[in-house]
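**Student:** got a predicted model here, sequence first, then my questions.
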Amino acid sequence: MVLLAVALLALGAAAFAWLATPPGRAFDAETWRARVAAWDDSAARMADRLIAQSTLQGMTRNDVVRLLGTPPRTPYFGDWDLVYWLGPERGYFSVDSEWLVVRLDARQRVTDYRIVRD
């Protein structure tokens, strides 16, 4: 009975730790900018964490560019102000790409951002 209680306590602690950890991975500017392999999903996982923690909300355009770099030019998602390619969509069968898109208000502050697929 004691062993069962200890096992349940350990399982509960592990579940709590898993649930308390935000999704994705911590942002690292060097890793974000140094992505070279198309299969590397580190940018997408960092974007997951940026969204989960509302990191970009209210930042200025300059703050976002300082953090993420100048976004490359792309014909995709013209109704968004900043567009960053994250890599091929995650999953077993990847057809599309994932992108971090950012919308700014008239004061050039972030009002919305999300991950989208093309």
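**Tutor:** Now that the structure is in, tell me what you want to look at.
**Student:** isn't residue 112 up against residue 105?
**Tutor:** No. Residue 112 lies out of contact with residue 105 (Cβ atoms under 8 Å); the separation is 9.3 Å. Using the backbone N, CA and C atoms, a C-beta is placed for each residue, glycine as well.
**Student:** any stretches of the chain with poor pLDDT?
**Tutor:** 2-22, 35-39 (pLDDT under 70).
**Student:** strands along the chain, start to end?
**Tutor:** Shown for the chain, the strands assigned by DSSP state E span residues 82-88, 97-104, 110-117.
**Student:** so what's the spatially most central residue of the chain closest to, chain neighbours aside?
**Tutor:** Among the residues of the chain, the one closest to the centroid is residue 47, at 1.1 Å (Cα atoms, centre = their mean). In this structure, residue 47 finds its nearest non-sequential neighbour in residue 100, 4.6 Å apart by Cβ to Cβ, 6 or more residues apart in numbering.
**Student:** dig out what that neighbour forms beta bridges with.
**Tutor:** According to DSSP bridges, the partner residues bridging residue 100 are residue 84, residue 115.
**Student:** residues contacting it?
**Tutor:** 43, 47, 50, 68, 83, 84, 86, 113, 114, 115 (Cβ atoms under 8 Å, 6 or more residues apart in numbering).
**Student:** give me the distance between the closest residue to the first one other than its chain neighbours and residue 105.
**Tutor:** Once its chain neighbours are removed from consideration, residue 43 has its nearest residue in residue 86; the separation is 4.6 Å (Cβ to Cβ, 6+ apart). Look at residue 86 and residue 105: by Cβ to Cβ, to the nearest Å, they are 23 Å apart.
**Student:** ok, residue 50 next?
**Tutor:** For residue 50 relative to residue 105 (Cβ to Cβ), the value is 18 Å.
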